[in-house]
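> requesting a structural model of the entry that follows:
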Amino acid sequence: MERILGPVPKECLVDDLCKCPANFVRHAWDAWGFQKHQEGHAVCHGKQEVSVLQKYQAVVKGLTVDDLMAFVSGLKAELYTEGLVQGNFTSTESRGFLQYFTQKLQYQPLSAEVPVLFRVVELPQKNHLCKVKSLNKGDANSEVTVYYQSGLKNLREHALMELMVMHMEEPCFDFLRTKETLGYQVYPTCRNTSGVLGFSVTVETQATKFSTEFVEAKIQEFLVSFGERLASLSEEAFRTQVTALIKLKECEDAHLGEEVDRNWCEVVTQQYVFDRLNKEIQVLKHFTQEELVSWFLEHRNTSSRKLSVHVVGFGVEENDPTDQSVACGSDGSDNPPTSSYGEVSELTFLSASSPSLQDATLISDIRAFTPPPPLHPYHKILSLATPTAERQQTPLKTDTVTMAMTSTRNHTGQRGRV
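The predicted structure is shown next:
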């Protein structure tokens, strides 16, 4: 702990030591195809944050010891700290640890409040398409994500969305993977984006086999068939799925780390609903099939807020040359030009050609798109009540230091919280 909180001795650092982690990050992004990190992320964020592309370019440019020392100095100058102590600790021990931590860092309070969440773009009630070419010139992999935004919702509706996505998982895989063989990675997702609820369906495919617009059409076919499946679902099948989700939430943690991770998520988002699972279990018991069907259809009507994100790989199905080669150097060095991304400076936005996407609004400049659409207010999914009471919540004051301690046991075996 002394080594972590203490000052970083510059004399112990050399430029080669800084290059190692930088090279690791760069090669990791090369291997993963960092377009996956852009999956609708920048489109929905109202905050003008640094893009993954800019971060990649900074890493490729190189980091020095002076860069590291300047960052460490600035990071520790002003802070707002919040922590979680969990396990066999007393309240006294926890407070002592907090005092030691704050004394060692010797920081000043933040000069301005900083929200732990971000504001999210409220998508207009129509279809949007953001279609970009893969940054890796030798990669045939494509990815299509179709996202439906619900808006500011409460804990009850979050549980309903989880139930719907759980119903969707098996038929989604069966339709898009087994029958259509579009790709190995096929999955629906319940999305809680800084308190804004939604769901999405993602398919990872290859441009040598399918175009992203063909995949999008198949996703829409699946959603139509899923709506019909929900409407014809028997009461017994519905209750079976509800029971399965309840049992999943009632499952005991395999180790302390699982409980810590769950509670830590409540702390870093400043929501502090440590009994969230119990609340969700209670509301799940009272859902009806009609509610589930109605909930799905709300997202599939003419006023739905839909965003399709296509990351297009290189292949014959995307009208690319068959001899498309990887833009890598042959000298085996770590110089930036040897990356398969080459000297990437910007995203290449593409237009839609299929008739089914002609009514979609094309996003050809992410910065220009976020905003002008209106932004949702800061929102946290805290209770079963309607979200109007939670819409105006402001970030916690940052001129004090707090320590949250949940689900701890003192030496007498009783649970306590600080």
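> could you use CA atoms for every contact and neighbour count after this?
OK.
> and the helices in the stretch 101-250 of the chain?
155-172, 212-231, 235-250 (DSSP state H, counting those that start in this stretch).
> and residue 378, which of those helices is closest to it?
In terms of Cα to Cα, the element of the helices of the stretch 101-250 of the chain nearest to residue 378 is helix 155-172, at 15.6 Å.
> remind me what that closest one packs against, helices and strands.
strand 185-193, strand 196-206, helix 212-231, helix 235-250, helix 276-284, helix 289-298 (3 or more Cα pairs under 8 Å, 6 or more residues apart in numbering; DSSP states H and E).
> residue 357 is nearest to which of those?
helix 212-231 (8.0 Å).
> between that closest one and helix 235-250, how big is the angle?
Relative orientation of helix 212-231 and helix 235-250, computed by axes from the mean of the first three to the mean of the last three Cα atoms, to 10 degrees: 110 degrees.
> re the thing from before, would TSV of the helices of the stretch 101-250 of the chain with distance to residue 351, mean pLDDT and mean neighbour count be doable?
Output for the helices of the stretch 101-250 of the chain, formatted as TSV (distance: least, Cα to Cα, whole Å; pLDDT from 0 to 100; neighbours: other Cα atoms under 10 Å):
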stretch	distance to residue 351	mean pLDDT	mean neighbour count
helix 155-172	27	96	20
helix 212-231	11	96	17
helix 235-250	40	95	14
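> using CSV, please lay out those together with distance to residue 91.
Formatted as CSV, the helices of the stretch 101-250 of the chain follow (distance: least, Cα to Cα, whole Å):
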stretch, distance to residue 91
helix 155-172, 30
helix 212-231, 50
helix 235-250, 28
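> so for residue 180, which of those sits nearest?
Comparison of these against residue 180 by Cα to Cα identifies helix 212-231 as nearest, at 8.2 Å.
> residues touching that closest one, excluding its own?
142-144, 146, 168, 171-172, 175-176, 182, 201, 203, 205, 292-293, 296-297, 310-312, 352, 354, 356 (Cα atoms under 8 Å, 6 or more residues apart in numbering).
> out of these, which are buried?
Among these, those classed as buried by 16 or more other Cα atoms under 10 Å are 142-144, 146, 168, 171-172, 175-176, 182, 201, 203, 205, 292-293, 296, 310-312, 352.
> circling back to that earlier point, and of the helices of the stretch 101-250 of the chain, who's closest to residue 112?
helix 155-172 (30.0 Å).
> so where's the stretch 251-400 of the chain uncertain?
323-345, 370-373, 386-400 (pLDDT under 70).
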